[in-house]
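Q: sequence first, predicted coordinates after that:
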Amino acid sequence: MPSSHYFSKKPSSKDERGKIETVLRGKKYSFITSTGVFSAKRVDNGTRILVENMHIPTVGDFLDLGCGIGVIGIVAASLEPELCVHLTDVNSRAVQLTKLNVQRAGLSNCNTYEGYLYEALGDQKFDAIISNPPISAGMHKVVHPMILGAYERLNTGGVLQMVIQSNKGGKMLAGFFDDVFGEHEIVTRKSGYRVLSACKC
Ligand SMILES: C[S@@+](CC[C@H](N)C(=O)[O-])C[C@H]1O[C@@H](n2cnc3c(N)ncnc32)[C@H](O)[C@@H]1O
């Protein structure tokens with residue numbers, strides 16, 4: 001039976017395209033979207049809060065982990081042209097749309113990958129790893145390995161930032177940040193979401 005989750009490798013739904021026009025960090029963006037990907041009709045509230053508050057280094061390597069249609073990485077890449085932005089997702093349709101959205105935005109500082117967690121990224125290290133993690137895919141199965149992998153793949157001084165709904169495991173996720181990184185910071189709390197940050201110092 002084919003799976004129809006937004007985190008399926010190959011969504012079984014018909015590829016019905018749409019367009020999202022929005023403003024993020026004071027700048028207009030247009031994203032092509034489709035059925036079978038996360039938040040297909042609008043930029044998710046958690047993603048918006050993360051994007052408005054995330055740390056974007058001016059140079060170095062930035063990873064949008066579980067990129068969906070590419071919102072987080074595309075905003076970072078368009079605001080910081082010297083930054084090398086990597087976007088990866090397990091969902092082949094999301095990856096296809098990210099590639100299209102990167103091209104439409106005219107960005108030359110993005111690399112897009114398809115794969116489970118970090119598997120497509122080789123030995124690449126990062127200065128920032130940013131994610132709206134797929135809680136529905138499993139906290140233990142997917143989100144914890146994302147955090148453990150982030151610690152391994154961040155350069156010294158690099159940061160991991162994730163958004164989560166406070167009543168859908170926010171405190172537990174913060175505890176796991178502490179287990180792996182020794183401490184965490186809450187960058188912002190808004191509309192039932194919190195943005196967590198940890199530094200590999
Ligand atoms: C909550 S969505 C966020 C999407 C996008 N970053 C956004 O904010 O709109 C999480 C994303 O993680 C992806 N994902 C789920 N499991 C994954 C895994 N094991 N490896 C990589 N990506 C995964 C999903 O396909 C989905 O696109």
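A: Arrived safely.
Q: so residue 62 touches residue 87, yeah?
A: No - between residue 62 and residue 87 there is no contact under CB atoms under 8 Å: 9.2 Å. Glycine gets a C-beta too; all of them are placed from N, C-alpha and C.
Q: need the overlap of contacts for those two.
A: Residues touching both residue 62 and residue 87 by CB atoms under 8 Å, 6 or more residues apart in numbering: residue 73.
Q: middle-most residue in this protein, spatially?
A: Note on the chain: the residue nearest the mean C-alpha position is residue 131, at 3.3 Å, using CA atoms, centre = their mean.
Q: contacting residues for the residue nearest to it when sequence neighbours are not counted?
A: In space, not counting the residues next to it along the chain, residue 131 is nearest to residue 65; the distance is 4.2 Å by CB to CB, 6 or more residues apart in numbering. Listed by CB under 8 Å, 6+ apart, the contact partners of residue 65 are 88, 117-118, 129-131, 133, 146, 150.
Q: and residue 65, how far from the ligand?
A: Separation of residue 65 from the ligand (CB to the nearest ligand atom, to the nearest Å) stands at 7 Å.
Q: distance of that residue from residue 197?
A: In this structure, residue 65 lies at 14 Å from residue 197, with CB to CB, to the nearest Å as the measure.
Q: my guess is the residue nearest to the centre of the chain meets residue 173, correct?
A: No - contact between residue 131 and residue 173 fails when scored by CB under 8 Å: they sit 11.1 Å apart.
Q: what sits in contact with each of those two?
A: residue 162.
Q: the ligand contacts on the protein?
A: When proximity is defined as CB under 6 Å from any ligand atom, the chain approaches the ligand at 6-7, 38-39, 44, 47, 66-68, 71-72, 89-91, 94, 116-117, 132, 134, 137, 142.
Q: in ChimeraX, how would I select the buried members of the residues you listed?
A: Buried members of the residues of the chain next to the ligand, identified by 16 or more other CB atoms under 10 Å, are gathered into one ChimeraX selection as follows:
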select :6,7,38,39,44,47,66,67,68,71,72,89,90,91,94,132,134,137,142
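Q: restricted to helices, list the residues of the chain next to the ligand.
A: 47, 71-72, 94 (DSSP state H).
Q: from the residues you listed, which is closest to the ligand?
A: Of all those, the one with the least separation from the ligand (CB to the nearest ligand atom) is residue 47, at 3.4 Å.
Q: list the contacts for the closest one?
A: Here residue 47 is in contact with 39, 68, 71-72, 132, 163 (criterion: CB under 8 Å, 6+ apart).
Q: do I have it right that residue 156 meets residue 200?
A: Yes - in this structure, residue 156 is within contact of residue 200 by CB under 8 Å, at 6.1 Å.
Q: neighbour-wise, which of these two wins?
A: residue 200 (20 against 9; other CB atoms under 10 Å).
Q: contact partners for the more buried one?
A: Taking CB under 8 Å, 6+ apart as the definition of contact, the neighbours of residue 200 are 151, 154-160, 181.
Q: checking my notes, residue 194 in a strand, right?
A: Yes - membership of residue 194 in a strand is supported by DSSP: H, G, I helix; E, B strand; the rest coil.
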